[in-house]
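**Student:** The following comprises the amino acid sequence and a computationally predicted model.
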Amino acid sequence: MALKREIQGVVVQKTGDKSITVLMERRVMHPKYRKYVKRFKKFIVHDEKHDAKIGDIVRAIECRPLSKRKSFRLLRIVMAGVE
């Protein structure tokens, strides 16, 4: 059985019913300038109980596809945001 990916990021939007958008940031070294730059990616995450709020840092785990772009579900809220 393959390991399921886990992502951690900030909730930037409550998209629809039981859905949140999580912005994940990673740092990679630029090949030419040898400087660390930020790369961003947004994921749609399934939030069954409507727990997460905008600004929260959350952890999500990969699951079966729940819709066209949603294949992660909320694992836990790591830290509550300011809202």
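**Tutor:** Arrived safely. Numbering: from 1, shown residues only.
**Student:** would you list every one of the strands in this protein?
**Tutor:** 6-13, 19-29, 36-46, 57-62, 70-79 (DSSP state E).
**Student:** Tell me what the residue sitting nearest the centre point of the chain is bridged to.
**Tutor:** In the chain, the residue lying closest to the centroid (Cα atoms, centre = their mean) is Val22, at 3.5 Å. With DSSP bridges as the criterion, Val22 is bridged to Val11, Phe43.
**Student:** how near is it to Pro31?
**Tutor:** 27 Å (Cβ to Cβ, to the nearest Å). Where you see a C-beta, it was placed from the backbone N, CA and C, and this is true even at glycine.
**Student:** Including mean pLDDT, could the strands of the chain go into CSV?
**Tutor:** CSV is the format used below for the strands of the chain (pLDDT from 0 to 100):
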stretch, mean pLDDT
strand 6-13, 95
strand 19-29, 96
strand 36-46, 97
strand 57-62, 96
strand 70-79, 95
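**Student:** which one of those strands is the most hemmed in?
**Tutor:** strand 57-62 (a mean of 18; mean count of other Cβ atoms under 10 Å).
**Student:** For it, which helices and strands make contact with it?
**Tutor:** strand 6-13, strand 19-29, strand 36-46, strand 70-79 (3 or more Cβ pairs under 8 Å, 6 or more residues apart in numbering; DSSP states H and E).
**Student:** Just list the residues touching Glu48, thanks.
**Tutor:** 18, 73-74 (Cβ atoms under 8 Å, 6 or more residues apart in numbering).
**Student:** So the residue nearest to the centre of the chain sits against Gln13, correct?
**Tutor:** No: applying Cβ atoms under 8 Å, one finds Val22 not in contact with Gln13, separated by 9.0 Å.
**Student:** per-residue confidence at Met1?
**Tutor:** Reported pLDDT at Met1 in the predicted model: 66.
**Student:** follow-up on the earlier one: got the contact list for the residue nearest to the centre of the chain?
**Tutor:** Contacts of Val22 (Cβ under 8 Å, 6+ apart): 7, 9-12, 42-45, 58, 60, 72.
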